[in-house]
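S.K.: Let's see this in three dimensions:
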Amino acid sequence: MTRREFLEVLAIASAAGLRLGERRAMAGEAAPGLYDLPRFGNVSLLHLTDCHAQLRPLHYREPSVNLGTGTASGRPPHLVGEAMLRRFGIPRASADAHAFTFLDFEPAALAYGRVGGFAHLATLVKKLRAERPGALLLDGGDSWQGSATALWSRGQDMVEASLQLGVNVMTAHWEFTYGADRVTEIVNGALKGRIDFLAQNVRTSDFGDPVFPPHVLREVNGVAVGIIGQAYPYTPIAHPRRFVPEWTFGIQEQGVQRSIDAVRAEGAAVVALLSHNGMDVDLKLAARVGGLDAILGGHTHDAVPAAIEVSNTGGKTLVTNAGSNGKFLGVLDLEIKAGRVTGYRYKLLPVFANQLAPDAEMSALISRLRAPFESRLSETLAVTQGLLYRRGNFNGTFDQLILDALLDTHDAQVAFSPGFRWGTTLLPGETITREHLMEQTAITYPNVTLSEMNGESIKAVLEDVCDNLFNPDPYKQQGGDMVRVGGLTYACAPNARMGNRISDLRFNGAPLAPSKKYKVAGWAPVTGETGGTPIWELVETWLKQHKSIAPRQAYLPRLIGVDGNPGIG
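M.R.: Take a look at the predicted model:
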């Protein structure tokens, strides 16, 4: 950091109301020795998940709203801001405070720089593997989707990057949106004999035959380690069924137990579930199956600094979740004696790009993969004057931008945008390029829709999505966030029963009429027509027309019955 940059950071931090000590800490680099992690035990599992095809360093703001309901209220992962710091003993205005919370995001992002990037991640993986011979690298899925280059290459760029990174085992979710044929082509081609693609819960719809291996047994330093794969259970519901028409999914709790018993019978001293369930589902599952030492989880993008111990009939299971966007790498060190786990150490390491030199081989690969697309990726669309982010139970500012574009271009009264948790963050003053826009919209079913819906139907949509998010039974949650809404205001009672969470819907200040029809714009339809304008084309045109994008205020509905909930920052 130059002296000028140092002074700019202090000025911004001062304007943000930080105390002098906090400003000094924030203007420094990440703590010395951040990546000096003493080796423990004789088996190490390295875990990344939900990188969403982000090969280069980025900014990513953690949520300021992550509400838990029922028994999950006030428990990890449903802690944000100061509550997160207190629960895990993280110092205020530290590198970890920036990595794990949204607090003081803009000045902290300037101070600590970008996070992630596969070249920097590769350096960290190589360092840890040198210190931990035989360490396995596990990928929890959502690796092949989330960028323009991944979409345009149908996941090929991420397959090559994962192979270069040295991934040993993976499971999947958004990978399936390229279609069953493409997934099968990659699994039986580029991955064959190099990366084990596991999914115990994916079977054929006719005879229930396994589509992929359910588990694998690997030897690490003379210890047999069993890894079970758990793909996203609700793939055919959350995405168009046409992508995987002949496959069934589901949590398949009994299947998990059968795989545990099978790998134990094959001699496994350690059994881990590589899961894309979402953390709430994993916490419930851990209490209901026996013989599982650890769950390395993903899907909900929760960056949880410590492993959560869950008791069950077999003893205890460690449940972890390793964030998203290549921002973190989980390190689980296990001590195995007499055929069982006798101790562990867990650390979720933030990947600070300015603290890790980029790996030369990975850098060269990334440059080669991006070369055919560079001119398209770098085209300037507009400049943002405010922070643009996505992540949180309700609207983010980038979601708000997309909603505004839908409302403006279609002369719509109401707009819906999916509650996706992937998408990078832009700081005020940054140029919005086509690549940045694609980081919010790059999916295989991007078409824009325009329809008429009556007030009753609009409420039903909100109630349905709200139940997916806040149902007190984790097995009935699907792990996304609330559908983003433009043109409407409403109240939400997360702890109420299904059908009673949404109230006080208003359009232009007047109550939404149940029988009146409203013009509704949206995108990413799970059912219905496959044609139409891709969302990125619509938003790109809108951005070019506006050129300078004023700060967006993310809409937050009036929340009922959650006062004091530590999931609100």
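
S.K.: Tell me where the stretch 51-200 of the chain has helices.
M.R.: Shown for the stretch 51-200 of the chain, the helices assigned by DSSP state H, counting those that start in this stretch span residues 81-88, 95-100, 105-112, 118-131, 148-152, 156-165, 180-187.

S.K.: Looking at these, spot the one closest to residue 294.
M.R.: Taking CB to CB as the criterion, residue 294 comes closest to helix 118-131 out of the helices of the stretch 51-200 of the chain, the separation being 17.1 Å. Backbone N, C-alpha and C define where each C-beta goes, glycine included.

S.K.: Now do the closest one: which elements does it pack against?
M.R.: Counting contacts by 3 or more CB pairs under 8 Å, 6 or more residues apart in numbering; DSSP states H and E, the secondary-structure elements packed against helix 118-131 are strand 43-48, helix 156-165, strand 328-337, helix 360-370.

S.K.: Pick the most deeply packed of those.
M.R.: Comparing those on average neighbours per residue, with mean count of other CB atoms under 10 Å, the densest one is strand 43-48 at a mean of 27.

S.K.: in its sheet, what does that strand sit against?
M.R.: The strands that strand 43-48 pairs with in its sheet are strand 136-139 (parallel), strand 328-337 (antiparallel) (by DSSP bridges).

S.K.: Beyond the last one, next helix or strand please.
M.R.: Beyond strand 328-337 in the direction of the C-terminus, DSSP states H and E gives the next helix or strand as strand 340-350.

S.K.: Run through who's touching that following strand.
M.R.: Taking CB atoms under 8 Å, 6 or more residues apart in numbering as the criterion, the residues outside strand 340-350 that touch it are 30, 34-35, 37, 40-41, 95-96, 99-100, 115, 124, 269-270, 293-294, 303-307, 318, 320, 322-323, 327-336.

S.K.: Tell me the strands beside it, with direction?
M.R.: Sheet pairing here is set by DSSP bridges, and for strand 340-350 it gives strand 328-337 (antiparallel).

S.K.: Quick check: mean pLDDT of the strand it pairs with?
M.R.: Confidence over strand 328-337 (mean pLDDT, whole number) is 98.

S.K.: And for stretch 501-516?
M.R.: Over the span of stretch 501-516, the pLDDT mean works out to 96.

S.K.: Endpoints of that stretch, how far apart?
M.R.: End-to-end distance for stretch 501-516, by CA to CA, to the nearest Å: 21 Å.

S.K.: ok, and what's touching it?
M.R.: The list of residues contacting stretch 501-516 from outside it, by CB under 8 Å, 6+ apart, reads 413-414, 454-456, 458-459, 462-463, 466-467, 470, 487-494, 518, 558, 560.

S.K.: Show me what counts as buried in that stretch.
M.R.: 501-502, 505, 507, 512 (16 or more other CB atoms under 10 Å).

S.K.: just stretch 281-300 next, same as before
M.R.: 281-286, 289, 291-300.

S.K.: go on, stretch 199-208?
M.R.: Judged by neighbour count using 16+ other CB under 10 Å, the buried positions of stretch 199-208 are 199-203.

S.K.: Roughly how far does the residue most central in space within the chain sit from residue 422?
M.R.: Centroid-nearest residue in the chain: residue 301, 3.3 Å away (criterion: CA atoms, centre = their mean). From residue 301 over to residue 422 the distance is 8 Å, taken as CB to CB, to the nearest Å.

S.K.: so what's in contact with the two at the same time?
M.R.: With the criterion set as CB under 8 Å, 6+ apart, the overlap between the contacts of residue 301 and residue 422 is 50, 324-325.

S.K.: where are the low-confidence patches of the chain?
M.R.: Using pLDDT under 70 as the threshold, the predicted model of the chain has low-confidence ranges 1-31, 529.

S.K.: Break it into its domains for me.
M.R.: The record's domain split for the chain, according to automatic domain parsing, is 1-30+66-110, 45-58+114-368, 378-559.

S.K.: Please identify the deepest-packed of the ones you listed.
M.R.: domain 45-58+114-368 (a mean of 21).

S.K.: residues contacting residue 222?
M.R.: Applying CB under 8 Å, 6+ apart, the residues near residue 222 are residue 42.
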